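In: Pasted the sequence and its predicted model underneath.
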Amino acid sequence: MNEHRVVVTGLGAVTPIGIGVEEFWEGLKAGRNGISRITHFDPSDFRSQMAAEVKNFNPEEWIDEKSVDRMDRFIHFAMASSAMAIKDAGLDTFNFDGNRAGVIIGSGIGGAHTLESEYSRLHEKGPMSLGPFSVSKVLINMAACMVSVAFDLRGPLSAPSVACSTGTNAIGDAFRILQRGDADIMLAGGSEASVSPLPFAGFCATRSMSSRNDCVEKASRPFDKNRDGFVMGEGAGVVVLERLEHATSRNARTYAELVGYGNTADAYHFTAPEPGGDGMIRVMREALKDASIDPPKVGYINAHGTSTVLNDKIESAAVMKVFGDHGKHLKISSIKSMIGHLLAAAGAVEFVATVMSIYTGKLPPTINYEERDPECPLDYVTKGVESIDLEVALSNSFGFGGGNACLVLKRCEN
């Protein structure tokens, strides 16, 4: 039985359009594009040559110099985002019980940069050349572990890896822990830093990424008729979730209430979504049922919206199936048009954006939308930021392998 209400009290984000939630949110509202030709490596021989890279990130602003070298870039992102979220929630100056505070931060690829550099070192200099932190820099769970160490969070600890739905699953799993009363505070989210030759080449081989190399700033175009694939991004999103009673006891600001979570599997294919959208349909219905909210109450969906031919049309059809006639009136946007696809971090960063939409009543646009696709017939936000009296919103994530996750947010009542 779910006994405890859960609220969002802190936000942190490292993104291709801004470091910190304020810069990220202002970038979204302005329709800022974070996609450019890759600078992390020479992409000339790759089918896709663009990515949404995080710019001007200095890990030493968040992590001591000695520890920086012991961590991969994806851990740096998670540490920075967690520090932001903790400070935003006011927990940096509040004496909370570390035994009642936990961490769930996932990743999909983990330490890709370290893996490649250490593999090269092994073959060039031999096995004795590898350092003692080679393994820990690669492991997916180390983002969550290092956050728990840094902030003395001794409660539940986990690191899901469910491809593109990872960040959403992490937040949903933390939500369940708080609902049960097994913790007072949970940090949750996802981190990814996979703009590196090996994973990038692998995704190129799937032909799921855009090859619009002659016009990279318009390559990510969710729901547009001429979309040709997603654009890889990097970054992290971490949120502080609390039991409402705990947040109230310390007079914390509450951005929104998290009221529902759904999690389903397509059980269909390695990469392609199930053609009828069954898993997507069921996950939205499960999340709404969990939240005890009728579909017509929903005003906005922050869509998975990858800019791939299959995902966008199947997600649109699934929304119509779940919401019926109300689906025509729902506002929909995909921020992947601006920040690319952050893979395991996508759901967490998109959740941050959805929280800000609930909190401010502003909906970020889907940029690069130029030509309507008859198979994507919904009301996409495409003309710039929109203002709305928003009470309930969904955040969708659908991953390779058929993992589906959905979160339902509700405006906090005074």
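Out: Ah, there it is. Residues are numbered from 1 along each chain as shown.
In: Hmm, Val309 is touching Asp224, no?
Out: No - using CB atoms under 8 Å, Val309 makes no contact with Asp224, being 10.6 Å away. Where you see a C-beta, it was placed from the backbone N, CA and C, and this is true even at glycine.
In: backbone phi and psi for Gly299, please?
Out: phi -110, psi -20 (degrees, to the nearest 10).
In: Flag every buried residue along the helix-or-strand element of the chain with minimal mean pLDDT.
Out: None of the helices or strands of the chain scores lower by mean pLDDT, DSSP states H and E than helix 112-125, at a mean of 89. By neighbour count on 16 or more other CB atoms under 10 Å, the buried set for helix 112-125 is 112-115, 118.
In: Mind putting the residues you listed into a markdown table with distance to Arg372?
Out: A markdown table is the format used below for these (distance: CB to CB, whole Å):
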| residue | distance to Arg372 |
| --- | --- |
| Ala112 | 37 |
| His113 | 40 |
| Thr114 | 44 |
| Leu115 | 42 |
| Glu118 | 48 |
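In: ok, of the residues you listed, which one's closest to Pro275?
Out: Ala112 (31.1 Å; CB to CB).
In: Tell me the confidence at the residue lying closest to the closest one once chain neighbours are set aside?
Out: Among residues not flanking Ala112 along the chain, Ser196 sits closest, at 4.3 Å (CB to CB, 6 or more residues apart in numbering). On the pLDDT scale, Ser196 is placed at 96.
In: Surely Ser196 touches Tyr119?
Out: No - here Ser196 does not reach Tyr119: they are 11.2 Å apart, not a contact under CB under 8 Å.
In: and Asp389, how many neighbours?
Out: 7 (other CB atoms under 10 Å).
In: Could I get the contacting residues of it?
Out: Counting by CB atoms under 8 Å, 6 or more residues apart in numbering, Asp389 touches 299, 361.
In: separation between it and Ala183?
Out: 33 Å (CB to CB, to the nearest Å).
In: same check, this time on Ser165
Out: From Ser165 to Ala183 the distance is 22 Å (CB to CB).
In: Likewise for Val349?
Out: In terms of CB to CB, Val349 sits 23 Å off from Ala183.
In: looking at this, Glu242 is in a helix?
Out: No - in this structure, Glu242 is strand, not part of a helix, as judged by DSSP: H, G, I helix; E, B strand; the rest coil.
In: Quick check, it in contact with Ala85.
Out: No - counting by CB under 8 Å, Glu242 stays clear of Ala85, with 11.4 Å between them.
In: what sits up against stretch 210-224?
Out: 33, 35-37, 47-50, 52, 227-231, 303, 305-307, 312, 316, 332, 334, 336-338, 340-341, 366-371, 373, 376, 378, 380.
In: So which of those residues sit within strands?
Out: Mapping the contacts of stretch 210-224 onto strands (DSSP state E) picks out 36-37, 50, 332, 380.
In: what's the most distant pair in those residues?
Out: Arg37 and Ile332 (29.3 Å).
In: Please identify which of those two sits among more neighbours.
Out: Ile332 (25 against 13).
In: In contact with the more buried one: list those residues for me.
Out: 223, 300-301, 303, 305, 319, 366, 378-381.
In: Also Cys164?
Out: 108, 304, 306, 341, 343-344, 346-347, 397-400, 403.
In: just to revisit the earlier point, nearest to Asp266, out of the buried residues of helix 112-125: which one, please.
Out: Ala112 (25.7 Å).
In: the more surrounded of Val349 and Ala183?
Out: Neighbour count, other CB under 10 Å: between Val349 and Ala183, Val349 has more, with 31 against 22.
In: which residue packs closest to that one, ignoring adjacent ones?
Out: In space, Val349 is closest to Gly237, 3.7 Å off (CB to CB, 6+ apart).
In: unless I'm mixing things up, that neighbour is touching Val8, no?
Out: No - if you go by CB under 8 Å, Gly237 and Val8 don't touch, sitting 11.8 Å apart.
In: Among these two, which residue is more densely surrounded?
Out: Gly237 (36 against 29).
In: Break this structure into its domains for me.
Out: Domains of the chain are assigned by automatic domain parsing as 6-249, 260-410.
In: one step back: which members of the contacts of Cys164 occur in strands, if any?
Out: 397-399, 403.
In: Can you say which of those residues are buried?
Out: 397-399, 403.
In: Could you pick out the one among these with the lowest pLDDT?
Out: Minimum confidence in those sits at Gly399, scoring 93.
In: ranges for the strands of the stretch 51-200 of the chain?
Out: 101-106, 157-158, 185-192 (DSSP state E, counting those that start in this stretch).
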